[in-house]
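Chemist: Predicted model and sequence follow; I will ask about them next.
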Amino acid sequence: MAVKRRSELAKTYDFKSWRDLTPMNISAGTMLHNMTGSWRFMKPIYEDKVPACQNACPAGNDIEGWIRLVQQGEYEMAYWHLKREQPFPAILGRVCFEFCEGACNRAPFDDPLGIKELERFVGDRVIPSTPHPDLPGDNGKSLAVVGSGPAGMSAAYYGRLLGFRVTIFEELPQMGGILRVGIPSYRLPREVVAADFEGLRKMGIELRPKTAVGKDIPFNDLCRDYDYVFLATGAHASRKLNVEGGDESHRIMSGLALLNRVALGEEVDLGNKVVVIGGGNTAIDVSRTAIRLGSHATVIYRRSETEMPAHPEEVGEAREEDVRFRFLATPERIEVNDDGTIRRLVCCEMELGPADHSGRRRPVKRHGALFDLEADSILAAIGEVPLFDYLDNIVKTENGVIPVNEGLGVDVENDGKARIFAGGDIINIPHTVAHAVASGKKAAIAIDCATKGVDFAEVLKEIAIGDGPAISFSKYMGWKPVNPVRQNSRAVVDSEKIEYDYFDKAPQVEKKIQAGEVRKNSFEAYSGTFSEDEALHEAGRCMHCGRCTECDNCLIFCPDVSILVIDNGHFGYSIDYDYCKGCGICFTECPRCAMSMVDTEIPIEGEG
Amino acid sequence: MRQVIKGNHAVSQAVKLSRVEVISAFPITPQTTIVEELSEMCARGDVDAKFIKVESEHSAMAGLVGASTAGVRTFTATSGNGLLLMHEVLHWAAGARLPIVMANVNRAVSGVWNIWADQTDSLSQRDTGWIQIYCESNQEVLDSIIMVYKLAEKVSLPVMVAYDAFFLSHTSEIVDVPEIEQVDEFLPRYTPEVRPEFDDPRMFGGFVDTEYFYEQRYAMHRASLDALEYYPEVCKEFKHIFGREYDIVEEYRTEDAGAILVTAGTITSVARIAIDGMRKQGKKIGLMKLRMLRPVPVERWREVLDKARKVIVIDRNISAGLGGVFSSEIQAALYPLENRPVVYPVIAGIGGRDITPADVEGIVNYALSNGKPAKMPLCWGLKQ
C-alpha cells in the first residue's frame, strides 16, 4: 500500500530538474493512513486524583475543588462545595490544625498554600443561614444528637441532608460544646459559632439547649423516642492533678473550668502569677487566657518542647504574648495557706528516659532537683476526659472511651428501638475539631446505610478518599465533582509526582495577625480574614495536584499531535487514540499528575 | 561610533544591529560572553529577540532550525567542542537550507583539553554545507556578521563566522560600531517565501527517498557556489554604506611576490608585519588572506597564487593523518594549473601557541631556502 501511495504522490509532484525543487521539502499529502495508535501497549487517560491536602484532611475536604471555584470568583459556589465535606468553614478556618497545609505539595517548593485562611475567607463570605441548595424532604426517620460540639453539629448537618428529622440536645444554655466553652473567643468568636447554629436551625434542625440527657431526659427515653442516637458529648472533665496539696480551690482549678467560666461571661481574677500545668492545646489556651485576664503566665510541662502535643503555631503565638515556658518540670507539692492562697509551689526537674508505649521518651524526676515557682493560681490542663454518667450504663465504655465499630456504631442491648452511634472526643480518635467533624459525617452516612439496610463496610470502599480514613459525602450522594474528569479517589498525589519546573515561585500571602503585645490585652479576635484580592492571590498559588487545569502542557508536548482541544462546554481535551502511540510524554510532563497511563488490555469504563 | 571593544562584544553588537529575532544558545569558553551579553540585551529589551536557554549546543542549533523554519532571523554562538556537539544539526540546517548565522570562536578541540586558538573545530565541519568566513580583526568580525545575514538569506544557506579564541574574543580593539539606521538600510527584514501556515499545515524537512535526495543535495551545492557569485555584490553594497570592504580573498603586496603566504585568522595580522619586515630586507614576499573557505573560491585562489612560484600555507590546525586543512584545500584548488606553484604546508600555533613575526619570518625563510617542501608538513615550533 505504501508503494502505491508513493507513486501516486510522485505523479502529482513530477519534476524534471533539480531546479524544480523547493529548497526544503514540504509535504504534499498526509500520513493519516498510518494509524500509529496500533503501536501502543499503554495509553494515557485524564484521571483526576486525590491531592495530598485532601488526603491529609480528616474530613476529606475537597480543597482543590473549592479553591478552583474561588479562583473563578465563584465564592458562593465555593462555600457550598466546601460544605459538602466539611460544614463549618468559618469555624475550621479559624481553629483547624491545618493537616492539609502540613501535607501541601507546594511546601517543598516555596510555602504551603494558606488553605485555612482561604477556608476562612470562604466561610466568612456566606451567611450560614442562607437557604441550603441541597435540602431534601423528610425520610421519616428521627435522629437525636447528644452534645452540640463539632461532632454533634456535623452529624446533625449531614443527617439533615440525608432527610432525617434531627434534634440536637445540649446541657448548657449555649450551643457549641468545646467550640463555645473550650476554645477561647479570641481564637473563635462566639458570633461565628452562633451563626453556624442559626444555619443549622434554618435547615430545620431542632436545637434544644439547657436540656441535659441523663438529667432532663433519661437516656432510656431518648432511645425509646428516636430511631437513631448519636452520642457526641465530648471530653469536658479534666484529669485531676495528682499532687500533694493539689485539691481544687478558688486558686487551684482545672484549666478547662477556667475556660468555661470565662466563655460564659464570668470575670475571673487569677492574681499576678499563674502557673499552668500541661503541654497540650488546652494548656496553651489556658495560659493565653490568663494573660488576657491580666496575669503573668508560665506553662510547665514534664517533657521537652519537641514532645509537646500542642500545635507549634499556638505555642509560638503564646510566646509572642509573653507566656513563659518551663520544660522538663512537674509540680511536686503545693503548700496552701489557711485562706486557700498558695504559699509555695514546689516543682521537680525531669529528665527524659527511654520511650513509653506512645513512643515518646518517658520523663523521670531528677532526684533532689527541686525548685520553687511563684504562683497565685495554679491551673491544671493535663488532659480532658469524657463523662459517661448520663448513659446509665446502657452503653459500655472501655479505657475511658466508647468502643465503636467501623461505622461508629455502638454494640448495645437496650430497651428502646434506637440504634446508637458515637463520635468526637468520646471515641478513640485524635482530639481535634476536624476529626470530630469527620466522625459526625461518617456516623450520618453509617446511620443512613442502617436505614436502607446497606452494608456500610461495602459503601466505605466506594467512598473512601485516598489512604483513608476520610470519606466523601459527595461520592455517597452521587454529586458531581467540580472538574468533570474521570475520578480516581484512591490515588494520592504527593510531592514526588509534581513537576515543580513548571511552576513559578510565589511566597504565601501574609496572614493578618495583630502583634503579640497588642493582642494579649483583649479577648477580641486578633486575626483578620483575607480580602478578596489576597484570597485570589493565595488561591492562585494552588498547584491543583492531581486535577487537570487545562494548562495545555500535554497538548504542547504530544509528538503525535494526538491531544485535541474540544469545546463542548465540559472538559477541554480528547485524545486521538488512532494515533496516540502511548509514549507517555503527556503523562510525564503533566505538571500536576492529572493523567494516568493505563494498560490497554484493561477496558476503561466510560471511554469513547 | 568608534569604540574599544572585545571581539565577543563586537559580535553581540552586530547581532543586535541585525535585528535578530531568536537566539538559542549554550555557553562555552571563550564564546560565553557573547551569549551572556545577548541574554542581558534581550532581558533589557535592547534587542527585540526571544532568548532560549538550552541545555546543550545540539539543542541550541536544533532550536534555531525550528525558529528559522518558522521564518525569523536567528543567531547562535559556540566554540570548540560546543561546535562539535552541534555537528548533526549543522548538517540539518544546511540541508534544510536555513539562513542561520553562527559565530564560532576558533578553539582547540578536546581530548586532551585546551581552550585556546586553534582552527580545527570549524575546519572539521567544512563538509556540513555551511558557508565559512574567517576573520582577522574585531572590526571584521562585527562587519562580517552583518554582511553574512544578507548572503545567507539570499542563497538560503547557513553561515559560520569564525575568529580566534582570546586573540580576538577577549582582546580589545578599536571598532567602528555602525548606527542601526545604516544596518537597516543594508539589511532588510527577513521574509522568507515559504513558512509554516496554521491554516495550511505541512511537514517541513520530512522523509525523501532515492528519487528526490540527489537533486536536493545538488541544489544545496549549487546554492553554495551561487554564494561565490553573489558575495561581491554584498561586499560592494556594504562598502557603499559602511565604507569598509572585505573581498573573498585579500591580497597584500602580492604584485611581484615570488612567494605568497596564505593565512587565515589573526596569523594574518602577524604575517603582514613579518612581510613588511622582509620586504625591507628586499625579499619579495606577499600575502593572500584566506577569508572564505566554503564555498571554495577556487578561481580567485588560482588567480592570486599563480602569480608566485612558492605558496606557503600556515595552518593553525591539524587533521591527523593529513596535515593542515588549508594547505590541503589550497593544493586541491591549484592542482589543475599548468604551472602550479610549489606549496609549502606549515603547521603552527596549535592549541593557542603564539605565532610571532619572527616565527613567520622563519617559516618564510624555510620555504625560500628549500626547493621542495619536506615530505611532512613543517611543524614550526614543535618540541622535537
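Modeler: Good, I have the coordinates.

Chemist: Close to chain A: what parts of the stretch 51-200 of chain B are there?
Modeler: Within reach of chain A by CB under 8 Å from any CB of the partner chain, the stretch 51-200 of chain B has these residues: B:T69, B:A96, B:R97, B:L98, B:S156, B:V194. All C-beta atoms are positioned from the backbone trio N, CA, C, and that covers glycine.

Chemist: What's the local residue count around the first one?
Modeler: The criterion is other CB atoms under 10 Å in any protein chain shown. On that basis, B:T69 has 20 neighbouring residues.

Chemist: A:V274 should be in a strand, yeah?
Modeler: Yes. The assignment for A:V274, made by DSSP: H, G, I helix; E, B strand; the rest coil, places it in a strand.

Chemist: pull the longest helix from the chain.
Modeler: Went with chain A since none was named. In chain A, taking DSSP state H as the definition, the longest helix is helix A:433-452.

Chemist: that's the wrong chain, I meant chain B
Modeler: helix B:213-242.

Chemist: so what strands line up beside the helix or strand that it is followed by?
Modeler: Next helix or strand after helix B:213-242 toward the C-terminus (DSSP states H and E): strand B:249-252. Sheet pairing of strand B:249-252 (DSSP bridges) gives strand B:285-290 (antiparallel).

Chemist: from the middle of its chain, how far away would the strand it pairs with be?
Modeler: 17 Å (CA atoms, centre = their mean, to the nearest Å).

Chemist: next one: stretch A:37-49
Modeler: 34 Å.

Chemist: end to end, how far does stretch A:362-381 reach?
Modeler: 19 Å (CA to CA, to the nearest Å).

Chemist: What of stretch A:350-367?
Modeler: So stretch A:350-367: terminal residues 9 Å apart, CA to CA.

Chemist: So for it, mean pLDDT?
Modeler: For stretch A:350-367, mean pLDDT is 85.

Chemist: and that stretch, which residues are buried?
Modeler: For stretch A:350-367, a neighbour-count test (16 or more other CB atoms under 10 Å in any protein chain shown) marks A:M350, A:L352, A:R361, A:P363, A:K365 as buried.

Chemist: which residues touch it?
Modeler: Residues outside stretch A:350-367 that contact it (CB atoms under 8 Å, 6 or more residues apart in numbering or on different chains): A:R302, A:R303, A:S304, A:E307, A:L328, A:A329, A:T330, A:C348, A:E349.

Chemist: Same list, these, but only the ones touching chain B.
Modeler: Within the contacts of stretch A:350-367, nothing lies near chain B by CB under 8 Å from any CB.

Chemist: For the residues you listed, work out which two are farthest apart.
Modeler: A:E307 and A:C348 (17.5 Å; CB to CB).

Chemist: Return the residues in contact with B:T268.
Modeler: Taking CB under 8 Å, 6+ apart, one finds B:E136, B:L287, B:K289 in contact with B:T268.

Chemist: Narrow the residues you listed to just the buried residues.
Modeler: B:E136, B:L287, B:K289.

Chemist: Now pLDDT too, for the residues you listed, in TSV please.
Modeler: Below are the buried ones among the contacts of B:T268 laid out as TSV (pLDDT from 0 to 100):
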residue	pLDDT
B:E136	97
B:L287	98
B:K289	98
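
Chemist: with those residues in mind, which one is nearest to B:T76?
Modeler: Ranked by distance to B:T76 (CB to CB), the buried ones among the contacts of B:T268 are led by B:E136 at 22.4 Å.

Chemist: which stretches of chain B have low pLDDT?
Modeler: Residue ranges of chain B with pLDDT under 70: none are present.

Chemist: What's the separation between A:F325 and chain B?
Modeler: Between A:F325 and chain B the distance is 50 Å, computed by CB to the nearest CB, to the nearest Å.

Chemist: Just give the nearest non-adjacent residue to that residue, would you?
Modeler: Spatial nearest neighbour of A:F325, excluding adjacent residues (CB to CB, 6 or more residues apart in numbering or on different chains): A:V299 at 5.1 Å.

Chemist: Please look at the one you found and A:V323 and confirm they touch.
Modeler: Yes. Using CB atoms under 8 Å, A:V299 is in contact with A:V323, at 6.2 Å.

Chemist: overlap in contacts of those two?
Modeler: By CB under 8 Å, 6+ apart, the residues touching both A:V299 and A:V323 are A:I284, A:S287.

Chemist: Quick check on the two: which one has the bigger neighbour count.
Modeler: A:V299 (29 against 24).

Chemist: A:R190: what's it in contact with?
Modeler: With CB under 8 Å, 6+ apart, A:R190 has these contacts: A:Q174, A:R180, A:A263.

Chemist: switch the cut-off to 10 Å
Modeler: A:Q174, A:G176, A:L179, A:R180, A:A263, A:G265 (CB atoms under 10 Å, 6 or more residues apart in numbering or on different chains).

Chemist: which of the residues you listed lies closest to A:P209?
Modeler: A:Q174 (6.7 Å).

Chemist: SS state for that closest one?
Modeler: coil.

Chemist: is it true that it touches A:G149?
Modeler: No. Judged on CB atoms under 10 Å, A:Q174 makes no contact with A:G149 at a distance of 11.5 Å.

Chemist: Identify the contacts common to those two.
Modeler: With CB under 10 Å, 6+ apart as the test, A:Q174 and A:G149 both reach A:R180, A:V181.

Chemist: okay, these two: which has more neighbours?
Modeler: Per other CB under 10 Å, whichever of A:Q174 and A:G149 has more neighbours is A:G149, with 31 against 19.

Chemist: State the mean pLDDT of the helix or strand just after the longest helix of chain A.
Modeler: Of the helices and strands lying after helix A:433-452 in sequence (DSSP H and E), the nearest is helix A:456-463. Mean pLDDT, helix A:456-463: 93.

Chemist: Of all residues in the stretch 51-200 of chain A, which one is closest to chain B?
Modeler: As assessed by CB to the nearest CB, chain B sits closest to A:F109 within the stretch 51-200 of chain A, at 20.5 Å.

Chemist: Model confidence for that residue, exactly?
Modeler: For A:F109, the model assigns a pLDDT of 96.

Chemist: Not counting sequence-adjacent ones, nearest residue to it?
Modeler: A:Y500 (5.1 Å).

Chemist: Then A:C593?
Modeler: A:K497 (4.0 Å).

Chemist: looking at the sheet around B:Y252, what are its partners?
Modeler: Residues in beta-bridge contact with B:Y252 (DSSP bridges): B:L287.

Chemist: can you pull the contacts of it?
Modeler: B:Y252 neighbours (CB under 10 Å, 6+ apart): B:260-261, B:263, B:268, B:271-272, B:275-276, B:285-289.

Chemist: list the contacts for the residue nearest to A:F325?
Modeler: Counting by CB under 10 Å, 6+ apart, A:V299 has contacts A:274-279, A:283-284, A:286-288, A:290, A:308, A:310, A:315, A:318-319, A:323-327, A:329, A:379, A:381.

Chemist: Buried ones only from these, please, as a PyMOL command.
Modeler: Listed next is the PyMOL selection for buried residues among the contacts of A:V299, using 16+ other CB under 10 Å:
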select buried, chain A and resi 274+275+276+277+278+279+283+284+286+287+288+290+308+310+315+318+323+325+327+329+379+381
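
Chemist: Filter the contacts of A:V299 down to just the ones in strands.
Modeler: Counting by DSSP state E, those place A:V274, A:V275, A:V276, A:I277, A:R324, A:F325, A:R326, A:F327, A:A329, A:L379 in strands.

Chemist: Could I get those in a markdown table, plus columns for pLDDT?
Modeler: A markdown table is the format used below for these (pLDDT from 0 to 100):
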| residue | pLDDT |
| --- | --- |
| A:V274 | 96 |
| A:V275 | 96 |
| A:V276 | 97 |
| A:I277 | 96 |
| A:R324 | 96 |
| A:F325 | 96 |
| A:R326 | 95 |
| A:F327 | 95 |
| A:A329 | 94 |
| A:L379 | 96 |
